[in-house]
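# Fold the following.
(one chain, ligands or ions: 1)
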Amino acid sequence: MVLVGLVFPYQLQLPIAYSRGFWVRCENTRQWEILSSNLHGPKRNMEFNDVLLRYEALSGEVDEAIRLVLHAGRYILGPSVRAFEQEFAKYCGASEGVGVGSGTDALSIALRALGVGKGDEVLVPAVSAAASAMAVVLAGAKPVFVDISAEDFNMDPGQAGERVTGRTRAVVPVHLYGMPAQLEKIAQFGIPIVEDAAQAHGSKSHWGICGSFGAASAFSFYPTKNSGAYGDGGLIVTSNPEVAARSRLLRNYGQQENYCSDTLGQNSRLDELHAAVLRIQLRMLEEWNRSRQKVAARYRAAFRELPLGVQAETGASNGHLFVVTTPERDALRLHLASRGVPTAIHYPVSLNRQKAFREFDPKPCPKAELLCSRVLSLPIHPYLPDNEVNRVIESVHSFFN
Ligand SMILES: Cc1ncc(COP(=O)(O)O)c(C=O)c1O
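Predicted coordinates for the structure are as follows:
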């Protein structure tokens, strides 16, 4: 991290900071303080995520975008949503985007738009956010849990094949932690795929960018995602015009014309304010992902000799989370906490073991259960300074030494 003070015209002093390959203009004193504390040593607590730093880096643009929406007087399904839908779909190499209220809704609406409903089964990996499976239930279907691959931690295509029945109507592979799932193998069953790309904005594999492969894909813009709103938001991406049209109906009371409902829908709409903010974030996404990938590459290199598991690379993850595995997970977590390194557990209990899904009588998923007892997520975000990455690495090493 290098910090440089620059004097601009109008006696305005705007400090800028150089951090892992790109320049960040400090919009205000608070951001300058945070960045300078990085230069002068760990005076502040290390952050697990960057939601506030991300806002502070873009606050001028974000505040102005919000001001413009407020003054335009159109707050629901207006021009910002339409523009963002098109821009994000294009980024994913798809033709249509449908803005909805959350990633969960993006999944459940996409499933309903594909005709999934009562009596149907949908395959879901046993390690994910509960939302991946709850969306299936919201669509009226039964989640059938599939064990994961111990290498890439994503849905095991072989296991998926074993859990297909005559009632299987869709499969929801999750690109867990941002790492692309093995979609080509899963596609061999000929069952429609709805990608859960909630953690995979901009992740790429040999088959393309995440979100481009499935019959439909679901993104979440929860604040901590690689592209995050300041509240909830989601998007369905598809190149199937019928799925897009049906999703648009379902998100808005089932109506094409105001006050005339053609089908039973719901209220789940991305709002104008969030769409305006997300348009700005989309312009930063590739740069932010590169920055995360540099942190991930440093961790991978530094931990190579340690008795730690890491996710096999099935493509270029967007670096959403960096997760290590060890039977000594809880002790490592305590050790890191004692050194001021925040961590998290994604996820402590596999979905087949969660009380909420008991009624669906899930089959055992032993690899998922083992993984959940061993995973530990380390800090990773675009504004994580080099000295903090060093501190994480040194602290992990000191545990094993
Ligand atoms: C893999 C996965 N799927 C679905 C979701 C649900 O997204 P949202 O919180 O926007 O409803 C999340 C968010 O945590 C997620 O991580």
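
# Can you tell me, leaving aside adjacent residues, what's nearest to residue 185?
Ranked by C-beta to C-beta, 6 or more residues apart in numbering and with sequence neighbours excluded, the top spatial neighbour of residue 185 is residue 157, at 3.6 Å. Every C-beta, even on glycine, is put in place using the N, C-alpha and C of the backbone.

# Around that neighbour, how many other residues sit close by?
Residues lying near residue 157 (other C-beta atoms under 10 Å) number 20.

# For it, what are phi and psi?
phi -60, psi -40 (degrees, to the nearest 10).

# Pull the contacting residues for it.
149, 182, 185, 186, 188 (C-beta atoms under 8 Å, 6 or more residues apart in numbering).

# Highest neighbour count among these?
residue 186 (24 neighbours).

# what's the distance between that one and residue 163?
12 Å (C-beta to C-beta, to the nearest Å).

# all strands for the stretch 1-150 of the chain, in order.
2-7, 13-19, 22-25, 96-100, 121-125, 142-146 (DSSP state E, counting those that start in this stretch).

# Nearest to the ligand within the stretch 51-200 of the chain, name that residue for me.
residue 103 (2.5 Å; C-beta to the nearest ligand atom).

# Flag every buried residue along the host helix or strand of residue 335.
Per DSSP states H and E, residue 335 falls inside helix 329-338. Neighbour counts over helix 329-338 (16 or more other C-beta atoms under 10 Å) mark 329, 332, 333, 335, 336 as buried.

# Please list which of the residues you listed also come close to the ligand.
Near the ligand, taking C-beta under 6 Å from any ligand atom as the test, no member of those is found.

# okay, those residues in a markdown table with pLDDT and distance to residue 134 next?
What follows is the buried residues of helix 329-338, written out as a markdown table (pLDDT from 0 to 100; distance: C-beta to C-beta, whole Å):
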| residue | pLDDT | distance to residue 134 |
| --- | --- | --- |
| 329 | 98 | 26 |
| 332 | 98 | 30 |
| 333 | 98 | 27 |
| 335 | 98 | 34 |
| 336 | 98 | 31 |
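
# So in the chain, where's the weakest helix or strand by average pLDDT?
strand 2-7 (a mean of 40; mean pLDDT, DSSP states H and E).

# now the stretch 151-300 of the chain, which segments are flagged as low pLDDT?
The model of the stretch 151-300 of the chain has no residue with pLDDT under 70.

# All the helices of it, residue numbers only.
Secondary structure of the stretch 151-300 of the chain (DSSP state H, counting those that start in this stretch): helices at 157-162, 183-187, 241-251, 272-303.

# Out of those helices, which is closest to residue 197?
Residue 197 sits nearest to helix 183-187 of all those, at 10.8 Å, using C-beta to C-beta.

# distance between that closest one and the chain's centre?
Between the centre of helix 183-187 and the centre of its chain there are 21 Å (C-alpha atoms, centre = their mean, to the nearest Å).

# next one: stretch 105-125
Per C-alpha atoms, centre = their mean, the centroid offset for stretch 105-125 relative to its chain is 20 Å.

# rewinding a little: hang on, isn't the residue of the stretch 51-200 of the chain closest to the ligand packed against residue 224?
No: if you go by C-beta atoms under 8 Å, residue 103 and residue 224 don't touch, sitting 11.7 Å apart.

# next SSE after the helix holding residue 335?
helix 366-374.

# Quick one: name the residues of the stretch 151-300 of the chain near the ligand.
Checking the stretch 151-300 of the chain against the ligand by C-beta under 6 Å from any ligand atom, the hits are 174, 196, 198, 199, 220, 222, 232, 234.

# Specify the local secondary structure of the closest residue to the fourth one other than its chain neighbours.
This means residue 199. Counting by C-beta to C-beta, 6+ apart, residue 320 is the residue found nearest to residue 199 once chain neighbours are left out, at 4.5 Å. When classified by DSSP: H, G, I helix; E, B strand; the rest coil, residue 320 comes out as coil.

# gap between residue 320 and residue 156?
Separation of residue 320 from residue 156 (C-beta to C-beta): 21 Å.

# How is the protein divided into domains?
Domain assignment for the chain by automatic domain parsing gives 1-44, 68-279.

# still on that earlier bit, any idea which of the strands of the stretch 1-150 of the chain scores lowest on pLDDT?
Among the strands of the stretch 1-150 of the chain, strand 2-7 carries the lowest mean pLDDT, at a mean of 40.

# quick one: residue 387 from residue 87, how far?
35 Å.

# got it, and residue 270?
From residue 270 to residue 87 the distance is 13 Å (C-beta to C-beta).

# Compare those two (neighbour count), which wins?
More crowded of residue 270 and residue 87, by other C-beta under 10 Å: residue 270, with 29 against 16.

# out of everything not next to it in sequence, what's closest to that one?
residue 99 (3.0 Å).

# so who does that neighbour touch?
81, 84, 85, 233, 234, 235, 251, 269, 270, 275.

# And these, which is closest to the ligand?
residue 234 (5.2 Å).

# That closest one - nearest residue in space that isn't next to it in sequence?
That would be residue 106: by C-beta to C-beta, 6+ apart, it lies 3.8 Å from residue 234.

# Also residue 81?
Here the residue nearest residue 81, using C-beta to C-beta, 6+ apart, is residue 275, at 4.3 Å.

# go on, residue 253?
Nearest non-adjacent residue to residue 253 (C-beta to C-beta, 6+ apart): residue 265, at 4.7 Å.

# burial count for that neighbour?
Neighbour tally, residue 265, other C-beta under 10 Å: 19.

# dump the residue contacts of it.
249, 250, 251, 252, 253, 254, 255.

# Distance check, it against residue 58.
Noted for residue 265: a distance of 34 Å to residue 58, by C-beta to C-beta.
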